[in-house]
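Chemist: missing the sequence, but the structure's below:
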Ligand code: CA
């Protein structure tokens, strides 16, 4: 196989813990990672190492993320993905106007971040984006067929539309079908370890999945509740409701 043509990803983030977990997630995907912890260092490393993508926190010491974005964009077409705070709508808009390509809102899940990074690298025409973790790309369980790479789903042979979060949740169920998945695990996998929201969100998503998958959503036979613990996805119909 030809060596990957993708250069490193420059992660600009002053919060060490976030930078570290982002670095870990990207390296696990086969990408090289450089880290800069302030705006000035970001520009230095950018100019010295010519990364293939810049992941840019907007709240930075020394030189703001918006300044870094503007300066990088004035000399390069490298994809820039911003990391923004939830309540920083104005920054997001400013960043996009300054030429950033996409943004991820904190707190984000690593899955989401990695998929945005991949999408931008592909869009930029990087031929050698390392292959995805070798997992089956078409998942089948019960009435559901998920084409993960194409983000398409069929239930009993009919195409069904799922929101991104519903799709992610369904993917987690299908990859571990038959196993008990606790609420904590599901929330962490789909919404990320830093998710502080209402755990009702999970139940709402499960309910919506049932409406799309089950013949009788009130009497689920595939996506079943394990009382007090979590959920389980069954290939074959459950013999009795649990
Ligand atoms: Ca910051």
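Modeler: All right, it came through fine. Keep in mind it's a predicted model, so treat the numbers as computed, not measured.
Chemist: how about the strands in the chain?
Modeler: In the chain, the strands defined using DSSP state E lie at 9-12, 33-36, 53-57, 80-85, 102-106, 138-141, 144-147, 152-155, 158-159, 180-182, 223-226, 230-233.
Chemist: partners of the second one in the sheet?
Modeler: Read it as strand 33-36. With DSSP bridges as the test, strand 33-36 is paired with strand 9-12 (parallel).
Chemist: what does the partner strand rub up against?
Modeler: Contacts with strand 9-12, where a contact means CB atoms under 8 Å, 6 or more residues apart in numbering, come from 19, 22-23, 26, 31-37, 39, 42, 45-46, 49, 51-57, 60, 65, 68, 117. The C-beta positions use only the backbone N, C-alpha and C, and glycine is treated the same way.
Chemist: go again using 7 Å as the cut-off
Modeler: Strand 9-12 has contacts (CB atoms under 7 Å, 6 or more residues apart in numbering) with 19, 22-23, 26, 31, 33-36, 42, 45-46, 51-57, 60, 68, 117.
Chemist: next one: it to chain centre, how far?
Modeler: Taking the mean of its C-alpha atoms, strand 9-12 sits 17 Å from the chain's own mean (CA atoms, centre = their mean, to the nearest Å).
Chemist: how about stretch 113-128?
Modeler: Distance of stretch 113-128 from its chain centroid, counting by CA atoms, centre = their mean, is 12 Å.
Chemist: buried ones in it?
Modeler: The neighbour-count check on stretch 113-128 (16 or more other CB atoms under 10 Å) flags 113, 114, 115, 116, 117, 118, 120, 121, 126 as buried.
Chemist: the last one contacts residue 51, doesn't it?
Modeler: No: the pair residue 126 and residue 51 does not pass the contact test of CB atoms under 7 Å, sitting 11.3 Å apart.
Chemist: in the protein, what residue is nearest the ion?
Modeler: Of all residues in the chain, the one sitting closest to the ion is residue 59 (3.8 Å; CB to the ion).
Chemist: what's the neighbour count on that residue?
Modeler: Residue crowding around residue 59 was assessed by other CB atoms under 10 Å; the count is 16.
Chemist: who's in contact with it?
Modeler: For residue 59, the contact set (CB under 7 Å, 6+ apart) comprises 65, 85.
Chemist: against residue 101, how distant is it?
Modeler: Residue 59 is 19 Å from residue 101, where distance means CB to CB, to the nearest Å.
Chemist: same check, this time on residue 163
Modeler: Separation of residue 163 from residue 101 (CB to CB): 23 Å.
Chemist: between those two, who's got more neighbours?
Modeler: Set residue 163 next to residue 101 and count neighbours by other CB under 10 Å: residue 101 wins out with 20 against 10.
Chemist: I appreciate the help and will end here.
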